[in-house]
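Undergrad: Here is a sequence with its predicted model. Questions after.
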Amino acid sequence: MILKMNRGRVFIYPASGTGAWEAAIVNTFSQGDRVLMFETGHFATLWRAIAEKFGLVVDFVAGDWRHGIDPATVEAKLTEDAQHQIKGVVCVHNETSTGVTSRIGEVRRAMDAAKHPALLIVDVISSLASMDYRKDEWGVDVTVAGSQKGLMLPPGMSFNAVSEKALSASKTAGLPRAYWSWQEMLEPNKSGFFPYTPATNLLFGLREAISMLVYEDGLDNVFRRHHRHGEATRCAVRAWGLELLCLEPTEYSNSLTAVLMPEGFDETEFRRFVLGNFNLSLGAGLGKLKGRVFRIGHLGDFNDLMLCATLCGIEMGLDSFGVPIRKAGVSAAMAYLSGKQTDEVNASVNLQAS
Ligand code: PLP
């Protein structure tokens, strides 16, 4: 229900998200297969490294870590590939390192426009259950998900949600696999079992998380809540006079916001300062963003007061750390949350539109 899928199978691993990345690759491809991947950030870069370790030939489309996947590039690359040598289009939906969300529906339309049969494989580790994701409608063949973000569980459980097309590709895929094998899972799963010990305690947690998200809150309300918190956070960042890392408003992430530190201020030092003074743990700059970007998480079990407290800690922290800001972020976020469009909020909305 959360994946919006009525066809195919879901395989559940007692592993972190990285395991489900590996599972998606070894079940679908053979050594030497060509795949299209996109440099949207740190996690896309890590996934590419795994694909290459398994002998895939990755066409890694360069990116600036401030934009999502360009559907026009997908269409051009696939149209060029008249022999259909590209076997997979492998995407990260929400780049947790940058706060940029790629438009997977448009990637699918680009693949269809190119009439290309490659598998579409998508990581939704930091978007699932926080932002709308439509596995069937977007024709995603393998969705890679994890327990520890929008599903509000501890880490240690991950998923491959698999289409019939991917399942049949797994029968001929040549990469060796044992623990990750979908085929080995099929038979025991039929009677509710696993080929090895599952993460039993997390499965109980998953049942509760699904009940909260789907039956108590309602998924659309959860998405609206995260959108509201994302917008309020972006209002705060603009009102401080700081820069959002994400440059494209249609790609703003509603599960986290990455903020550029002004020149001369180190993100690691700032986060240490905020943790020490306010017991507030901010996300680090990852990969090539180390030292330059801090991240504000607003996903999962989160409400207005938690967001306001987070933004207060950041505003006090920035000010005491000596970063030149306007101390107007928290009030801009509060005005947005309470529906009052102050000049500050209007100014930031105008900025966004320009
Ligand atoms: N993909 C994304 C988008 C992530 O955010 C993460 C972790 O944060 C991973 C993959 C890797 O997952 P894990 O750390 O659970 O192995």
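TA: Nice, thanks for sending it over.
Undergrad: can we go C-alpha only for contacts and neighbour counts from here?
TA: Fine.
Undergrad: close enough to count as contact, I325 and W240?
TA: Yes. Applying Cα atoms under 8 Å, one finds I325 in contact with W240, separated by 5.0 Å.
Undergrad: higher neighbour count, these two?
TA: Looking at I325 and W240 with other Cα atoms under 10 Å, you find the greater number of neighbours at W240, namely 21 against 17.
Undergrad: so how far is the ligand from that one?
TA: 26 Å (Cα to the nearest ligand atom, to the nearest Å).
Undergrad: do A161 as well
TA: Distance of A161 to the ligand, given as Cα to the nearest ligand atom: 15 Å.
Undergrad: what about that residue, neighbour count?
TA: 26.
Undergrad: Need the three-state assignment for the residue lying closest to it once chain neighbours are set aside.
TA: Counting by Cα to Cα, 6 or more residues apart in numbering, A161 lies nearest to V10, which is 4.2 Å off, once chain neighbours are set aside. Per DSSP: H, G, I helix; E, B strand; the rest coil, the secondary structure class of V10 is strand.
Undergrad: Which helix or which strand is home to R271?
TA: According to DSSP states H and E, R271 maps onto helix 267-278.
Undergrad: Just list what that helix packs against, helices and strands only.
TA: Applying 3 or more Cα pairs under 8 Å, 6 or more residues apart in numbering; DSSP states H and E, we find helix 267-278 packed against strand 293-297, helix 304-321.
Undergrad: Single out the most deeply packed of these.
TA: Counting by mean count of other Cα atoms under 10 Å, strand 293-297 has the highest mean neighbour count of these, with a mean of 24.
Undergrad: tell me the mean pLDDT for it?
TA: Average pLDDT, strand 293-297: 98.
Undergrad: picking up where we left off before, Serialize the helices and strands packed on helix 267-278 to TSV and add fields for distance to the ligand.
TA: Output for the helices and strands packed on helix 267-278, formatted as TSV (distance: least, Cα to the nearest ligand atom, whole Å):
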stretch	distance to the ligand
strand 293-297	11
helix 304-321	20
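Undergrad: Same list (these) but as JSON lines, adding distance to R271.
TA: JSON lines is the format used below for the helices and strands packed on helix 267-278 (distance: least, Cα to Cα, whole Å):
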{"stretch": "strand 293-297", "distance to R271": "8"}
{"stretch": "helix 304-321", "distance to R271": "9"}
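Undergrad: just so I know, which of those lies nearest M1?
TA: strand 293-297 (24.3 Å; Cα to Cα).
Undergrad: what's the closest one in contact with?
TA: With contacts defined as Cα atoms under 8 Å, 6 or more residues apart in numbering, strand 293-297 is touched by 97-99, 245, 255-261, 267, 271, 282-285.
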